[in-house]
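1. Here is my input, please return the structure:
(one chain, ligands or ions: 1)
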Amino acid sequence: METFQHDLVIIGSGPGGYVAAIRAAQLGLDVACIEKDPALGGTCLRIGCIPSKALLEASERYEETRHGLKKMGIKVQGVELDLPGMMRHKGKTVKALTSGVAGLFKKNGVKRYEGTGRIEGPGQVVVDGKDAARLEAKNILMATGSEVATLPGIEMDWDRIGGSTEAIDYDVVPEHLVVIGAGVIGLELGSVWARLGSKVTVLEYLDRILPGMDSEIATKAQRLFKKQGLDFHLGVKVTGAKLDGDQCIVESEGRDPVTCDRVLVCVGRRPYTEGLGLEKVGVETDRRGFIQVDEHYKAADGIYAIGDVIPGPMLAHKAEHEGVACVEHLVTGYGHVNYDAIPNVVYTHPEIASVGKSEEELKEAGIEYRSGSFPFMANGRAKALNQTDGLVKILADAKTDRILGAHILGARAGDLIAEVAVAIEFAASSEDIARCVHAHPTLAEVVKEAALAVDGRAVNI
Ligand code: NAI
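-> Next up, the predicted model:
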């Protein structure tokens with residue numbers, strides 16, 4: 001096996017790994033990136049964020065064309081679902097982006113190795129597979145991401161009882177889909193299949209959906225999703241699922257079993273470090289399998305980790321920024337991520353987005369705050385778009401008015417939240433947002449009005 005030298009070897013090419021590789025190359029390092037899948041981009045680009053968004057967008061258009069256009073004076077007839085065509089749209093989107101990453105590697109001079117990377121010792125990584133090689137580098141960055149977590153008693157066959165990877169690839173619309181877990185994946189992919197015609201039953205252990213999200217927003221969102229046909233059963237502890245002929249049976253504590261033809265298990269993800277060779281360099285994981293790192297993402301001398309394999313929200317953009325901060329610190333001595341300003345988006349219809357603290361978190365921390373809300377219903381553009389569900393809520397420090405959090409349920413919430421993330425990054429007050437000129441008529445005016453509402457002076461309500 002041949003040996004090659006690099007300055008930095010990155011294991012994993014997801015949004016954490018590939019962005020870190022490009023940034024390190026921009027900073028002048030000789031960078032290698034090892035990826036076991038033939039396509040670059042990791043879970044997010046291949047089987048996560050991107051394909052799910054392609055299906056969410058397409059299924060939403062289908063639903064709107066069938067039921068939403070009438071209200072705007074458009075009559076349509078003969079609308080048909082072409083599931084293979086929708087899957088082709090998804091496939092093309094993924095292909096364009098994963099090959100885009102390959103192009104970016106070329107442009108930036110990042111050397112790609114196809115195979116599985118395993119750490120052999122300090123500064124040494126072995127690639128097993130197509131591009132088998134021995135790599136030597138002063139620094140190694142682990143960005144191996146996460147995998148689907150399952151529950152004891154659930155007999156995954158990774159087909160009819162599967163996770164998100166299977167649920168973005170069903171070849172027929174399930175008649176009855178049972179979703180275990182009302183978190184982000186459950187709501188997004190549950191929405192896709194409900195729009196395409198499945199009966200969707202969501203079983204959730206807690207007494208609410210979307211744990212961690214602001215509960216006022218989550219409760220309002222649940223009402224909307226219920227109207228869209230998602231059948232929620234809260235406070236249900238699923239204890240098992242198995243195949244039974246051509247059906248699946250899902251069992252839960254104190255309830256009758258549910259029979260269905262597909263099960264989507266989405267009860268969280270766990271860090272993926274299998275076979276990485278952590279023991280060879282004395283790196284330990286915590287009880288939940290996360291690699292422990294210091295504030296510069298160092299796990300041991302010359303060994304770093306970012307993204308889903310370290311604690312924190314499992315989000316592509318969090319991984320991306322950690323990757324950049326990690327390699328910038330390596331090269332320049334500076335590099336930082338502001339964990340108070342990481343937006344979180346659920347791409348349902350309408351979308352749900354948040355940044356900063358929720359009301360529950362502020363109450364628990366004993367922080368005095370003022371809250372301002374404004375409904376989409378009172379916004380001209382939202383009315384013209386026929387997208388009037390939801391609200392923007394801004395939370396600001398009671399004394400200083402500094403923005404502490406924002407929560408949006410409504411059309412394009414994922415795009416609107418960017419303004420508040422920037423505001424938090426700049427330590428802005430709600431008055432700062434309120435005094436900024438927002439174009440009329442735009443959905444962004446809902447954010448401005450919510451900022452005005454913090455001081456009790458929203459105009460258009
Ligand atoms: P999640 O952590 O969002 O939700 C899991 C849900 O399963 C929770 O509500 C939990 O209470 C429930 N649950 C756990 N055990 C259960 C049981 N025995 N019976 C019934 N319910 C049970 O996890 P999810 O949806 O699998 O997503 C995994 C990760 O992927 C998340 O960390 C998320 O951040 C990330 N992701 C992010 C997306 C986005 O940002 N739009 C999209 C998809 C995934």
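2. what does the stretch 201-350 of the chain have sitting close to the ligand?
-> Counting by CB under 6 Å from any ligand atom, the residues of the stretch 201-350 of the chain lying close to the ligand are 203-206, 211, 236-238, 266-269, 313-315, 345-347. Quick note: C-beta positions are derived from backbone N, CA and C, even for glycine.
3. and with 5 Å instead?
-> Residues of the stretch 201-350 of the chain lying near the ligand by CB under 5 Å from any ligand atom: 204, 205, 206, 211, 238, 266, 267, 268, 269, 314.
4. Who are the contact partners of residue 9?
-> By CB atoms under 8 Å, 6 or more residues apart in numbering, residue 9 lies in contact with 31, 32, 33, 34, 117, 125, 135, 137, 139, 140, 141.
5. Identify the residue spatially nearest to it, adjacent ones excluded.
-> Once flanking residues are discounted, residue 9 sits nearest to residue 137: 4.2 Å by CB to CB, 6 or more residues apart in numbering.
6. Can you verify the one you found is assigned to a helix?
-> No. The assignment for residue 137, made by DSSP: H, G, I helix; E, B strand; the rest coil, is strand rather than a helix.
7. what sits against it?
-> 5, 6, 7, 8, 9, 32, 123, 125.
8. Assign residue 354 to one of the three secondary structure states.
-> Classified using three-state DSSP, residue 354 is strand.
9. Secondary structure element holding the nearest residue in space to it that is not next to it in sequence?
-> For residue 354, ignoring the flanking residues on the chain, the nearest one in space by CB to CB, 6+ apart is residue 407 at 4.6 Å. Residue 407 is located in strand 403-410, with elements delineated by DSSP states H and E.
10. Point out the other elements, helices or strands, that that strand touches.
-> Packing partners of strand 403-410 (3 or more CB pairs under 8 Å, 6 or more residues apart in numbering; DSSP states H and E): helix 215-227, strand 351-356, helix 359-364, strand 391-397, helix 413-425, helix 444-454.
11. Check which strands are paired with that strand and give the direction for each one.
-> strand 351-356 (antiparallel), strand 391-397 (antiparallel) (DSSP bridges).
12. mind listing the helices for the stretch 1-150 of the chain?
-> Secondary structure of the stretch 1-150 of the chain (DSSP state H, counting those that start in this stretch): helices located at 15-26, 42-47, 49-63, 83-108.
13. how about low-confidence regions in this structure?
-> For the chain, no stretch is flagged by pLDDT under 70.
14. Dead centre of it: give me the residue that sits there.
-> residue 315 (4.7 Å; CA atoms, centre = their mean).
15. That one touches residue 342, doesn't it?
-> Yes. Residue 315 is in contact with residue 342 according to CB atoms under 8 Å; the separation is 6.8 Å.
16. Just the buried positions in stretch 117-129, please.
-> 117, 118, 119, 123, 124, 125, 126, 127 (16 or more other CB atoms under 10 Å).
17. and what of stretch 417-428?
-> 417, 419, 420, 421, 423, 424, 428.
18. With the ligand in mind, check whether that stretch reaches it.
-> No. Using CB under 5 Å from any ligand atom, stretch 417-428 stays clear of the ligand, with a minimum separation of 11.7 Å.
19. For that stretch, which outside residues touch it?
-> 338, 340-343, 345, 353-356, 394, 402-404, 406, 408, 432-433, 444, 447.
20. Mind checking which of those are buried?
-> 341-343, 345, 353-356, 394, 403-404, 406, 408, 433, 444, 447.
21. Now do the contacts for residue 390.
-> Taking CB under 8 Å, 6+ apart, one finds 220, 224, 350, 375, 376, 408, 409, 410, 411, 413 in contact with residue 390.
22. so the last one sits right up against residue 348, yeah?
-> No. Contact criterion CB under 8 Å: residue 413 and residue 348 do not qualify, at 9.4 Å.
23. Which one's more surrounded, these two?
-> Neighbour count, other CB atoms under 10 Å: between residue 413 and residue 348, residue 413 has more, with 29 against 23.
24. ok, now how distant is the more buried one from the ligand?
-> Between residue 413 and the ligand the computed distance is 11 Å (CB to the nearest ligand atom, to the nearest Å).
25. Check the spacing between that residue and residue 199 real quick.
-> As judged by CB to CB, to the nearest Å, residue 413 and residue 199 stand 27 Å apart.
26. can you check residue 402 too?
-> 46 Å.
27. List the contacts of the residue in the chain that the ligand sits nearest to.
-> Here the residue of the chain nearest the ligand is residue 183; by CB to the nearest ligand atom that distance is 1.8 Å. Applying CB under 8 Å, 6+ apart, one finds that residue 183 lies in contact with 209, 210, 211, 266, 267, 268.
28. do residue 261 as well
-> 160, 174, 175, 176, 177, 246, 247, 248.
29. rerun that using 10 Å as the cut-off
-> Residues in contact with residue 261, defined by CB atoms under 10 Å, 6 or more residues apart in numbering, are 160, 170, 172, 174-178, 198-199, 246-248.
30. For it, give me phi and psi.
-> Main-chain torsions, residue 261, degrees, to the nearest 10: phi -110, psi -10.
31. quick one, what contacts residue 141?
-> By CB under 10 Å, 6+ apart, the neighbours of residue 141 are 8-12, 16-17, 20-21, 24, 31, 33, 297, 299, 302-307, 322-323, 326-327, 330.
32. In the sheet, which residues pair with it? Tell me.
-> Assigned bridge partners for residue 141, using DSSP bridges, are residue 10, residue 304.
33. Hmm, residue 96 is touching residue 50, no?
-> Yes. The pair residue 96 / residue 50 is scored as a contact, 9.3 Å apart, by CB atoms under 10 Å.
34. Of these two, which one has the most company?
-> Ranked by neighbour count (other CB under 10 Å), residue 96 and residue 50 place residue 50 first, with 21 against 11.
35. show me what contacts that one?
-> 41, 43, 44, 90, 93, 94, 96, 97, 98, 168, 316 are the contacts of residue 50 under CB under 10 Å, 6+ apart.
36. 7 Å instead, please
-> Each residue near residue 50 by CB atoms under 7 Å, 6 or more residues apart in numbering is listed here: 44, 93, 94, 97.
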